[in-house]
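A.B. asks: Return atomic coordinates for the entry below.
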Amino acid sequence: MMKTIKMRILGSLLTLSATLGIASAAWGHSVETDYFVDLFSDELAFTSTYSTGEPMAEATVTIYAPNNPDIPWQEGTTDEGGNFAFLPDESIPGDWRIEFGQGGHQDIWVIPVTGNGIDYENISQDFHQDIHYAELAPELLGISAALGLGIIVVATRRRLSH
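C.D. replies: Numbering: from 1, shown residues only. From the prediction side, this is the model:
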């Protein structure tokens, strides 16, 4: 009988944990970055937004040159609209990497540069998944845990009284 109660409590706690985990994943959102070529300046213009449409304003932008991929070549921030423009040094061929980051979100793009300049047809997004999971407010987590435990206690008492 005690083993059955312990198993029910364990099962209920696991269900509660899974439910809270699914709920927080559903609140997640990601970063979307688009680019275009500014024909007047030859710069690549990037715009980063969250999947909600909100601009990724004042996000950190780090650019790495192919000849030194571990040390930033240039650092900056996006403007209020999530915009940032840059032009790689075409005398340094290879894959340039540009990273946009803010609050646990990140988006990475690779810009190939050949002896002929930027290879526009092969600019690509670095394949990674940027899902930032919202954190549960401590109050909500406490209330959810208390309700879950309360349900377990009531169910256990009903079971024992029958």
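
A.B. asks: where in this structure is pLDDT low?
C.D. replies: Residues of the chain that meet the criterion pLDDT under 70 lie in 1-29, 127-150, 153-162.

A.B. asks: can you rerun that using 80?
C.D. replies: Within the chain, the ranges that satisfy pLDDT under 80 run 1-29, 38-42, 127-162.

A.B. asks: which residues of it fall in helices?
C.D. replies: In the chain, the helices defined using DSSP state H lie at 2-26, 138-161.

A.B. asks: For residue 70, give its distance to residue 112.
C.D. replies: According to C-beta to C-beta, to the nearest Å, residue 70 stands 19 Å off from residue 112. Glycine gets a C-beta too; all of them are placed from N, C-alpha and C.

A.B. asks: now swap in residue 62 and tell me
C.D. replies: Counting by C-beta to C-beta, the gap from residue 62 to residue 112 is 18 Å.

A.B. asks: Next, the contact list for the residue nearest to residue 72 when sequence neighbours are not counted, please.
C.D. replies: Residue nearest to residue 72 in three dimensions, not counting chain neighbours: residue 62, with 4.9 Å by C-beta to C-beta, 6 or more residues apart in numbering. Taking C-beta atoms under 8 Å, 6 or more residues apart in numbering as the criterion, residue 62 is in contact with 72, 74-75, 98-99, 101.

A.B. asks: I'd say residue 33 and residue 100 touch.
C.D. replies: Yes. Counting by C-beta atoms under 8 Å, residue 33 does reach residue 100; the two are 5.8 Å apart.

A.B. asks: Between the two, which is the more surrounded one?
C.D. replies: residue 100 (24 against 20; other C-beta atoms under 10 Å).

A.B. asks: Which residues does the more buried one form beta bridges with?
C.D. replies: With DSSP bridges as the criterion, residue 100 is bridged to residue 61, residue 107.

A.B. asks: residues in contact with it?
C.D. replies: By C-beta under 8 Å, 6+ apart, residue 100 lies in contact with 31, 33, 46, 48, 56, 59-61, 78, 84, 106-108.

A.B. asks: got a winner among those for most neighbours?
C.D. replies: Result: residue 56 is most packed of the contacts of residue 100 (other C-beta under 10 Å), 26 neighbours.
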